[in-house]
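Participant: The sequence and its predicted three-dimensional model are supplied below.
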Amino acid sequence: MKKILIIEPTLANTIHFPFNCGIVQTIAQAFPSAEIIFLGERQQGEMILAELQNDLLDRIRVITWKVYKDRDTLPTNIIKRAFYLIQSAFFDLMNADMIVFASASGPCISALRALPRRKSQKLQIFMHGDYNELLGWRSKNPFRKFADLYSSLKKASAAGAQIMVLEEHIQSKTCQDLPEFLDSFHYFPHPRVQREILQSRKYLSNPINIGLAGGASVDKGISQLLELSKIISLTDNRNRFRFHAIGAEHPSSKTENFSRFETKPANQQIERSEFLNLLDRMHFLFFWPTGTYYDNASSGALHDAINRKIPIIASSRVIKMFPEVAAFSITADCPSQIAETLYKLTPEEYQNLQLSIFEYEKRYNLNELAQRYRTITSNSLKSSNLEIKPTQQV
């Protein structure tokens, strides 16, 4: 593998920087002599380069191009994507041994397939919340269906593309939801930004800080965190707890009262460095999604908790989706039960939760991920029944 082109088509600015930086580092480790090009938004490219060790800078470069969400899937949208691809990275597209989409865009995938490329060129497509789009409504207009995500992935899959999902429960759902893609889907653990991984331990101390990371949306569970803050404010005579919304405000929660929160939602996306500084003050991250989005998507907040060694507070429903995280979680069916557990929590119990994170994160070790990535890329690891767990009912 001499040249690998990684394309970020849809997620601009610092959105999904941890994944994109992590996949660049993982691919660089997997193929230590390959030239790697990241085609993405300028700010994100600069952030990735800043994270790389000096020995990698000689073989990794960044190309800036127009990153955006497709408004439609008509032929004109394919042509627009093809124009930007040719304008930005024509020779790299032609010469790359492998092209990796860091996120999925139907028109962009279709545009790439319409361009002349080497027959031996491999194609990988990473799915985030895009899996929800596969299961959703599709236009009956044949011109729109031609380049929607389902059709684009189906044609790419038939040509040998590998479709990568970041959680085992998503790959499991493929058996039930999309059996026609079964041989193309592969589970690959969420890669990490190496410099963001902490090895120091946390200790339980007052005040106990509890935060929700990311956009303060109802789907993420901000209403349940607000409910927990209300319950504790009425029952905790020792004033031991502080609540935080670590991220931007969201339209779904704009009318909520955050007066009990020490950190209120920001009016815009906060810088990554500020985000991490706030995370490091937390004793717990609150992970209580209420919608169906995370049934089919990986959670960046969950992986931030693992990287920064922060135990989580989760709903029982979450543990059905992510059963492995139960070891470092306080879990219940409702916020009132969480409050009762927090009141009784001892420093020793908290230490056990944190030690479990150190054990769990071994699956995300860079060398292990690089080996797994090499194996998947060489086609020797198939999406077989041995890799797929029974679909978990949520």
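Facilitator: Structure's in. What do you need? Residues are numbered from 1 along each chain as shown.
Participant: Give me the nearest residue to residue 346, chain neighbours excluded.
Facilitator: residue 204 (7.9 Å; C-beta to C-beta, 6 or more residues apart in numbering). All C-beta spots, glycine's among them, are computed from the backbone N, C-alpha and C.
Participant: go on, residue 258?
Facilitator: Residue 258 sits nearest to residue 264 (C-beta to C-beta, 6+ apart), 4.6 Å away.
Participant: gap between the one you found and residue 142?
Facilitator: For residue 264, the distance to residue 142 equals 48 Å [C-beta to C-beta, to the nearest Å].
Participant: Between these two, tell me which one has more neighbours.
Facilitator: Taking neighbours as other C-beta atoms under 10 Å, residue 264 and residue 142 compare with residue 264 leading, 14 against 8.
Participant: Confirm for me that the more buried one is in contact with residue 243.
Facilitator: No. Judged on C-beta atoms under 8 Å, residue 264 makes no contact with residue 243 at a distance of 9.7 Å.
Participant: And the helices in the stretch 101-250 of the chain, which stretches?
Facilitator: 106-114, 130-135, 142-145, 149-158, 168-177, 222-235 (DSSP state H, counting those that start in this stretch).
Participant: Quick one: list the elements packing against the first one.
Facilitator: Meaning helix 106-114. helix 75-95, strand 98-101, helix 149-158 (3 or more C-beta pairs under 8 Å, 6 or more residues apart in numbering; DSSP states H and E).
Participant: mind giving me a markdown table with these and columns for distance to residue 217, mean pLDDT and mean neighbour count?
Facilitator: Listed next are the helices and strands packed on helix 106-114 as a markdown table, based on distance: least, C-beta to C-beta, whole Å; pLDDT from 0 to 100; neighbours: other C-beta atoms under 10 Å:
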| stretch | distance to residue 217 | mean pLDDT | mean neighbour count |
| --- | --- | --- | --- |
| helix 75-95 | 28 | 96 | 16 |
| strand 98-101 | 26 | 98 | 24 |
| helix 149-158 | 23 | 94 | 20 |
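Participant: domains of the protein?
Facilitator: Segmentation of the chain into domains, based on automatic domain parsing, reads 3-193+365-377, 205-345.
Participant: now these as JSON lines including distance to residue 359?
Facilitator: Below are those laid out as JSON lines (distance: least, C-beta to C-beta, whole Å):
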{"stretch": "domain 3-193+365-377", "distance to residue 359": "12"}
{"stretch": "domain 205-345", "distance to residue 359": "7"}
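Participant: for those, which one sits closest to residue 356?
Facilitator: domain 205-345 (3.9 Å; C-beta to C-beta).
Participant: so how far is the closest one off the chain centroid?
Facilitator: Distance of domain 205-345 from the chain centroid (C-alpha atoms, centre = their mean, to the nearest Å) equals 17 Å.
Participant: Then residue 38 would be within a helix, right?
Facilitator: No. Read with DSSP: H, G, I helix; E, B strand; the rest coil, residue 38 is strand and lies in no helix.
Participant: In contact with it, which residues are there?
Facilitator: 6, 8, 20, 24, 45, 48, 60, 61, 62, 63 (C-beta atoms under 8 Å, 6 or more residues apart in numbering).
Participant: Quickly note the distance from it to residue 343.
Facilitator: Counting by C-beta to C-beta, the gap from residue 38 to residue 343 is 48 Å.
Participant: And residue 24, by the same measure?
Facilitator: 44 Å.
Participant: neighbour count winner among the two?
Facilitator: residue 24 (28 against 13).
Participant: Show me what the mean pLDDT comes to for the helix or strand hosting that one.
Facilitator: Using DSSP states H and E, residue 24 sits within helix 17-30. Helix 17-30 shows an average pLDDT of 96 in the prediction.
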